[in-house]
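In: curious how this folds, go ahead:
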Amino acid sequence: MSAAIIDLESSRTPLALLWAGRAEVNSCSSGRLRKRCCRVNCCAVQPRTEEKLKPLLRRGAIERRVREMGRQITRDFRGQRVHLVGVLKGACYFLSDLSRQIDLEVSLDFIAVASYGRGKQSSGQVRMLKDLDSSIQGINVILVEDILDTGYTLNYLLRLLRQRKPRTLRVAALLDKPERRIKKVKAHYVGFKIPNEFVVGYGLDYAERYRNLRDICILTLP
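Out: Numbers count the residues shown, from 1 in each chain. You can find the predicted model right below:
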């Protein structure tokens, strides 16, 4: 399944939704600019004065892509049950929306690991915070990730889950940053390939903030 590729250099790309003139959320005031940024929900959660948000993916684009991914999974597993395993906390929004786009019998579980802590960079050390609640032996499992970055977390989870002998094990990632990859892992279903920028919104956070943005935005720190 081909991923949509986000090109930050081209304002003509429908999904590269940067503001003209590189406008910043924390400079919004009354008038046309304020109305425009409020439509993409970046003013709903005000950044701190030293932080800047730039929209990357609109809510509508995300919804369309998730719908396409759900249809692809439905085709691939026609007539079978699939078990979605969401990686907490970042994948919670994506998992919820994706599950409703799959026209099959679907069951859910969650797993939680930590590699980022409260910062922007992965430490490379992955530790388990919450294990699965039920066995996955002999069933079709799709691991649902918010973002595929260095690959440390996904590599750890794939090794762990394979030991539990699922019938099939696939990965659905909303976002993919190929430039950041260290471990040789990949997702079977990818929503968007994005450049090497730190992004928040639609479940992704920075220090537990910005998860509830409807859109995915680039976060710039000083």
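In: can you show me the strands along this structure?
Out: Along the chain, the stretches classed as strands by DSSP state E are 4-5, 52-57, 81-88, 105-114, 127-130, 140-148, 168-176, 189-193, 199-200, 216-220.
In: now these as CSV including mean neighbour count, mean pLDDT and distance to residue 63?
Out: Just so you know, the C-beta spots here come from the backbone N, C-alpha and C atoms, and that holds for glycine as well. Converted to CSV, the strands of the chain look like this (neighbours: other CB atoms under 10 Å; pLDDT from 0 to 100; distance: least, CB to CB, whole Å):
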stretch, mean neighbour count, mean pLDDT, distance to residue 63
strand 4-5, 16, 69, 13
strand 52-57, 23, 96, 10
strand 81-88, 20, 98, 18
strand 105-114, 16, 96, 18
strand 127-130, 10, 93, 28
strand 140-148, 24, 98, 16
strand 168-176, 23, 99, 12
strand 189-193, 22, 98, 11
strand 199-200, 26, 98, 17
strand 216-220, 23, 97, 12
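In: any chance of these in CSV with distance to residue 209 as columns?
Out: Conversion of the strands of the chain to CSV gives the following (distance: least, CB to CB, whole Å):
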stretch, distance to residue 209
strand 4-5, 26
strand 52-57, 11
strand 81-88, 17
strand 105-114, 17
strand 127-130, 19
strand 140-148, 15
strand 168-176, 18
strand 189-193, 22
strand 199-200, 8
strand 216-220, 9
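In: which stretch among those strands comes nearest residue 97?
Out: Residue 97 sits nearest to strand 168-176 of all the strands of the chain, at 9.4 Å, using CB to CB.
In: which strands or helices does the closest one pack on?
Out: In terms of contact count using 3 or more CB pairs under 8 Å, 6 or more residues apart in numbering; DSSP states H and E, strand 168-176 is assigned the packing partners helix 59-76, strand 140-148, helix 152-162, strand 189-193.
In: before I go, just wanted to say thanks for your time.
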